[in-house]
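1. How does the following fold in three dimensions:
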Amino acid sequence: MTVFFDTSAFLAILNKDDANHQNAKRFWKELVYLENILITNNYVLVESLALIQRRLGMEPLRVFQEDVLPLINIEWIDKAVHEAGISALLTASRKKLSLVDCVSFEVMRNLGIRKVFAFDPHFEEQGFEVIS
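-> So this is what the prediction gives:
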């Protein structure tokens, strides 16, 4: 199974105070154990690194970099996907929908990925299967 990872999942895995931490940690271990294909994109990566550093500190950032990221395939965003994400964002015209989300939707559609590990309702709104 191929699963796309959102920032919300990474934060829940690392943050012991997150309401979804126990579920996220259990599900993370299960995904890794079953050798699923785990994918994110570099926009999610940048967003995750910034939020982990700001909210949790440097030690969780090191854990993320050294223990989590080596198990994740990163899809690097090109100009066409970026522009499609911008177009979707402007068309949606919703303050709480981010460019990172819109680019992630585009990546998932382009790669034929239906399942996403996330705690963000926008993925379900876009027709993806949220697993967590």
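2. For residue 69, which non-adjacent residue is closest in space?
-> In space, and not counting its chain neighbours, residue 69 is closest to residue 45: 7.6 Å by CB to CB, 6 or more residues apart in numbering. (C-beta placed from N, C-alpha, C; glycine too.)
3. quick one: that neighbour and residue 76 touch, right?
-> No - with the criterion set as CB atoms under 8 Å, residue 45 and residue 76 do not qualify as a contacting pair; they are 9.5 Å apart.
4. Compare these two and say which is more crowded by neighbours.
-> residue 45 (20 against 10; other CB atoms under 10 Å).
5. secondary structure element for that one?
-> Of the helices and strands defined by DSSP states H and E, residue 45 is found in helix 42-56.
6. Counting neighbours, what do you get for the residue nearest to residue 98 when sequence neighbours are not counted?
-> The spatial neighbour of residue 98 that comes closest, neighbours along the chain excluded (CB to CB, 6+ apart), is residue 89 at 7.6 Å. In terms of burial, residue 89 registers 17 neighbours under the definition other CB under 10 Å.
7. ok, residue 89 - contacts?
-> If a contact means CB atoms under 8 Å, 6 or more residues apart in numbering, then residue 89 has 97-99, 102 as its contacts.
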